[in-house]
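S.K.: Sequence plus predicted model, see below.
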Amino acid sequence: MTDSRLSRRTFLQGCSAVAAAGVLNPYHFTAGAAASDRARSANDRFRIGAIGMRYQGSVVAEKTLPHGDIVAICDVDREMAEKAREEFGGKAELYEDYRRMLERQDIEIITIGSPDHWHAAMLIDACRAGKDVYVEKPLTLTIDEGKLIARIVKETGRVVQVGSWQRSDHRFRLAVEMVRQGRLGQLQRVDVVLGKNVTGGPFEIKQPPPHLNWDLWLGQAPLVPYIEERCHYTFRWWYEYSGGQMTDWGAHHLDIAQWAIGSQPLEVRGQATYPDIPNGYNVAVDYYAEYRYPGGVIMTVADHGRNGIMFTGTEGRIFVNRGAIQGRPVEDLEDAPLEREDFKLYAHDNLDRPARMGKDDSIINHMGNFFDCVKTREVPIADVISQHHSTNTCHMGNIAMHVGRPLRWDAENERFLADDEANTLLSREQRGGYEIA
């Protein structure tokens, strides 16, 4: 257990001082001498530190096991950390504060499965500590966080894979390839259905359980009384920590849609109805967003209908989700298949993918792609730039819903044109001691 009052600034300054002094300590911070940068034999197994062990964080950690050993586990909920340690062999060292884990020079890989409002800080600190990182989606809580992440990853040269694993699923990849190669003619429209946000409240204010460091869980978010429904899985229904379905399913489906479109939006408009429940979930009850892209392509995002993505072109349409890819152009592949050499979305995909694979295989291949790139130092399939742009699109939708008017997007400068109010929502106020810089 560590002192959670240690600020991020103090942490980074202290680690740099230790490295500069050359203190002979097996857990000192030496970003320039990261273990992942050393020569490795073919049989070497990576040493992995896993952060955030509830739900998807444990799934992600489990997918690393063919490639390495989990030697450290971090969670601000001690019960979650202890449970995860037992699940992963009972030997990993436990941490409450991830910053202490990052001081360990022997750890090469970090997985991040924390709530969304911690992704940026943990990722940036891990890169600066010389680690390669697999971070869950969505990449960020705000647009400005993504700008900083893109700069830090470039400066540090770390390999970062974002958990947008639908990029590694054969259905979504095939759909995007077909759009890109004109199998639907000229793309005109993309319709995305994400599903409803959860509603609920008011919820009871309680004392935080003794095994949970509530202050550290909140991090950069406002200091508020503990409500059980604010944390663990249900954090995503509070705008303080996430963005509802727009950044949950949206980080998957909008990423695939925009991958097929091949550009960022020019304009976005949105509408939403918000609950007014004290101490209750505050994401939109009903929502809709519409984006305009170069070439006149329109993308809509709705909360009702069949979950998935519909691509419509001048010569047909296809629907894709995690269970199916359907439409006349798909049926036409029987007579006019796409040859293997036609698949050009990601040239470095050196995984031998089976013709058909399910959800779990997609996640495994996504993780395999990450470790391949750690070894080769190439860019993974869900790199920070593509995921920054996709997550921006999710955030734009939520911002447009909030202000209730059309917004024009300047992709080069990553800000809205002539709308000061909307631009104030590119970032959020961060609580003292948890500033991300």
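M.R.: Perfect, thanks for sending it.
S.K.: can you list contacts of stretch 412-426?
M.R.: Applying C-beta atoms under 8 Å, 6 or more residues apart in numbering, the set of residues contacting stretch 412-426 from outside is 142-144, 147, 392, 399-400, 402-403, 407-410. The way it works is simple: take the backbone N, C-alpha and C, and place the C-beta from them, glycine included.
S.K.: In helices, which of those appear?
M.R.: Within the contacts of stretch 412-426, membership in helices is found for 143, 144, 147, 392, 399, 400, 402, 403, as judged by DSSP state H.
S.K.: Among the contacts of stretch 412-426, which one sits closest to residue 173?
M.R.: residue 392 (22.1 Å; C-beta to C-beta).
S.K.: That closest one: what's its closest spatial neighbour, skipping adjacent residues?
M.R.: Counting by C-beta to C-beta, 6 or more residues apart in numbering, residue 392 lies nearest to residue 143, which is 5.3 Å off, once chain neighbours are set aside.
S.K.: In contact with that neighbour, which residues?
M.R.: 392, 395, 396, 414, 426, 427.
S.K.: Where does the prediction get shaky in the stretch 201-350 of the chain?
M.R.: 340-344, 346-350 (pLDDT under 70).
S.K.: same thing but at 80, please
M.R.: Residues of the stretch 201-350 of the chain that meet the criterion pLDDT under 80 lie in 339-350.
S.K.: can you pull out the strands in it?
M.R.: Along the stretch 201-350 of the chain, counting by DSSP state E, counting those that start in this stretch, strands occupy 267-273, 286-292, 298-302, 308-313, 316-320, 325-326.
S.K.: Turn the ones in helices among the contacts of stretch 412-426 into JSON lines, columns for distance to residue 173 and pLDDT.
M.R.: Below are those laid out as JSON lines (distance: C-beta to C-beta, whole Å; pLDDT from 0 to 100):
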{"residue": "143", "distance to residue 173": "27", "pLDDT": "98"}
{"residue": "144", "distance to residue 173": "31", "pLDDT": "98"}
{"residue": "147", "distance to residue 173": "28", "pLDDT": "98"}
{"residue": "392", "distance to residue 173": "22", "pLDDT": "98"}
{"residue": "399", "distance to residue 173": "30", "pLDDT": "98"}
{"residue": "400", "distance to residue 173": "29", "pLDDT": "98"}
{"residue": "402", "distance to residue 173": "33", "pLDDT": "98"}
{"residue": "403", "distance to residue 173": "35", "pLDDT": "98"}
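S.K.: Now for the residue nearest the centre of the chain: which residues touch it?
M.R.: Central residue of the chain (C-alpha atoms, centre = their mean): residue 137, 1.8 Å from the mean position. By C-beta under 8 Å, 6+ apart, the residues touching residue 137 are 162, 163, 164, 251, 252, 255, 387, 391.
S.K.: Give me the neighbour count for residue 334.
M.R.: By the criterion of other C-beta atoms under 10 Å, residue 334 has 7 neighbours.
S.K.: which secondary structure elements does the helix or strand that contains residue 369 contact?
M.R.: Assigned by DSSP states H and E, residue 369 falls within helix 359-376. In terms of contacts (3 or more C-beta pairs under 8 Å, 6 or more residues apart in numbering; DSSP states H and E), helix 359-376 is packed against helix 56-63, strand 132-135, strand 160-162.
S.K.: ok, and what's touching the last one?
M.R.: What that stands for is strand 160-162. Residues contacting strand 160-162 (C-beta under 8 Å, 6+ apart): 123, 127, 132-137, 139, 153, 366-367, 369-370, 373, 380-384, 387.
S.K.: Domain parsing of this structure, as residue ranges.
M.R.: 8-164, 167-352+384-424 (automatic domain parsing).
S.K.: okay, those in TSV with distance to residue 435 next?
M.R.: Formatted as TSV, the domains of the chain follow (distance: least, C-beta to C-beta, whole Å):
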stretch	distance to residue 435
domain 8-164	7
domain 167-352+384-424	7
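S.K.: Which of those sits closest to residue 433?
M.R.: Per C-beta to C-beta, nearest to residue 433 of these: domain 8-164, 7.3 Å.
S.K.: Can you say which of the domains of the chain is packed in most?
M.R.: Of all the domains of the chain, domain 8-164 has the most neighbours on average by mean count of other C-beta atoms under 10 Å, namely a mean of 20.
S.K.: Centre of the chain to that domain, how far?
M.R.: 15 Å (C-alpha atoms, centre = their mean, to the nearest Å).
S.K.: and the nearest residue to residue 308 once chain neighbours are set aside, what is it in contact with?
M.R.: Distances taken as C-beta to C-beta, 6+ apart place residue 321 nearest to residue 308, at 3.1 Å, with adjacent residues excluded. Listed by C-beta under 8 Å, 6+ apart, the contact partners of residue 321 are 171, 306, 307, 308, 309.
S.K.: Most widely separated two among these?
M.R.: 171 and 306 (14.5 Å).
S.K.: Would you mind giving the helices and strands packed on helix 359-376 as CSV with distance to residue 206 and mean pLDDT added?
M.R.: As requested, the helices and strands packed on helix 359-376 are arranged in CSV below (distance: least, C-beta to C-beta, whole Å; pLDDT from 0 to 100):
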stretch, distance to residue 206, mean pLDDT
helix 56-63, 24, 96
strand 132-135, 30, 98
strand 160-162, 34, 98
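S.K.: Indicate which one of those is closest to residue 117.
M.R.: Closest among the helices and strands packed on helix 359-376, using C-beta to C-beta: strand 132-135, at 13.0 Å.
S.K.: so what does that closest one touch, helix or strand wise?
M.R.: strand 109-112, helix 119-128, strand 160-162, helix 359-376.
S.K.: strand partners of the shortest one, parallel vs antiparallel please.
M.R.: Same thing as strand 160-162. strand 132-135 (parallel) (DSSP bridges).
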